[in-house]
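A.B. asks: Need a 3D model of the following:
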Amino acid sequence: MSFTLTSPVTGGDQTGLTSPTYTIAADTPPNSSGKQYAVTALGGTQSGVDASSSPSRPFTVTLERPAVLRQLGAVDPVTGQLRSVPKNVYKIRVRKGVTPLSSQPAALLMATLQLEIPAGADTADAANVRAALSLMIGSLNQISASIGDTLVTGVI
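C.D. replies: Have a look, this model is predicted:
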């Protein structure tokens, strides 16, 4: 699988975090069609942030592909059109233990990015598949701090 992260991972800009980096180590993924990494150390200035410290306070990133890659079906002999176009769903998940209220047990924050690629587009239109992902990643990088501010303030 091509999903491979190298350590350290440079984090996106965020209000209150200066040059954030994350040292990662291979971890056990929840299923065999994925890879998982745990954050073992932090770099830059990240006051109040902790690395993976226990099962109740994880800090992990999981990269998953479909367990079974779907293929295109046959073209309808009468209409000449595909009867259906199945999708291959890839996911990137970050889990982080967070404190919901002082002196309370940790709660789990889940962030999931789901990519649904129509079967066949990987070969018939690879350039546009890559362009869609490029725009998504570029947009997220550009507004990383704004997304963080919105998650904390509720203002979009």
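A.B. asks: is Q114 in a bridge, and if so with what?
C.D. replies: Taking DSSP bridges as the rule, Q114 bridges to K91.
A.B. asks: what residues does the helix or strand bottoming out on mean pLDDT in the chain touch?
C.D. replies: Comparing every helix and strand of the chain by mean pLDDT, DSSP states H and E singles out helix 126-142 as the least confident one, with a mean of 89. When contacts are taken as CB atoms under 8 Å, 6 or more residues apart in numbering, the neighbours of helix 126-142 outside the stretch itself are 12, 115, 117, 121-122, 147. Backbone N, C-alpha and C define where each C-beta goes, glycine included.
A.B. asks: List only buried entries from the residues you listed.
C.D. replies: Burial of the contacts of helix 126-142 was assessed by neighbour count (16 or more other CB atoms under 10 Å); the buried members are 117, 121.
A.B. asks: mind checking how far stretch 54-64 is from the chain centre?
C.D. replies: A distance of 12 Å separates the centroid of the chain from that of stretch 54-64, by CA atoms, centre = their mean, to the nearest Å.
A.B. asks: any idea which residue sits dead centre in the chain?
C.D. replies: Among the residues of the chain, the smallest C-alpha distance to the mean C-alpha position (CA atoms, centre = their mean) belongs to I92, namely 2.7 Å.
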